[in-house]
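In: curious how this folds, go ahead:
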Amino acid sequence: MVYIDTAVMVAALTPEASMPVVQAWLASQASDSFTTLAVSAAHFRAAAGFTGQHALGLRAADALHLAIAADRGATLRALERRMVEAGEALGIATLGL
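Out: Presented below is the predicted three-dimensional model:
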């Protein structure tokens with residue numbers, strides 16, 4: 001499973017430098033493979049633990065995305081290098097886009 005950071009979806013719809021790359025990547029994905037995941041209290045607790053590791057430099061929303069991806073055993077696809085590096089440091093499968 002691939003978990004897509006919401007910044008990827010915003011980049012696909014907003015005129016910015018990464019728009020063509022993101023749109024091409026999304027177009028290569030199976031259109032029926034997208035689903036919405038529920039967020040639980042456990043995800044928020046895990047995210048709080050990640051943000052407590054200050055050296056990672058995670059914002060709360062980024063930590064929450066990482067927590068959900070980790071819980072689902074998914075590979076997180078993200079635009080932000082800091083988020084990818086934090087995921088790697090936490091042992092979460094993470095790839096840049």
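
In: report pLDDT for Asp32.
Out: You'll see Asp32 listed with a pLDDT of 69.

In: let me redo that: Leu66
Out: For Leu66, the model assigns a pLDDT of 96.

In: next, the buried residues of the longest helix along the chain.
Out: Of all the segments assigned as helix in the chain under DSSP state H, the longest by residue count is helix 60-72. Buried residues in helix 60-72, counting neighbours by 16 or more other CB atoms under 10 Å, are found at 62-71. Any C-beta I mention is one placed from the backbone N, CA and C, and that applies to glycine too.

In: Met65 against Ile4, yeah?
Out: For the record, residue 65 is His, not Met. No. His65 lies out of contact with Ile4 (CB atoms under 8 Å); the separation is 9.0 Å.

In: CA atoms only: put the helix or strand encompassing Trp25 into PDB for me.
Out: Here Trp25 sits within helix 19-27, counting by DSSP states H and E. Only the C-alpha atoms of helix 19-27 are listed here, as PDB (Å, rounded to 0.1, in the frame of the first residue of the first chain):
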ATOM      1  CA  MET A  19       2.800  20.000 -10.500                       C
ATOM      2  CA  PRO A  20       3.900  18.200 -13.700                       C
ATOM      3  CA  VAL A  21       5.800  15.500 -11.800                       C
ATOM      4  CA  VAL A  22       3.000  14.900  -9.300                       C
ATOM      5  CA  GLN A  23       0.300  14.700 -12.000                       C
ATOM      6  CA  ALA A  24       2.400  12.300 -14.100                       C
ATOM      7  CA  TRP A  25       2.900  10.000 -11.100                       C
ATOM      8  CA  LEU A  26      -0.700  10.100 -10.100                       C
ATOM      9  CA  ALA A  27      -1.700   9.300 -13.700                       C
END
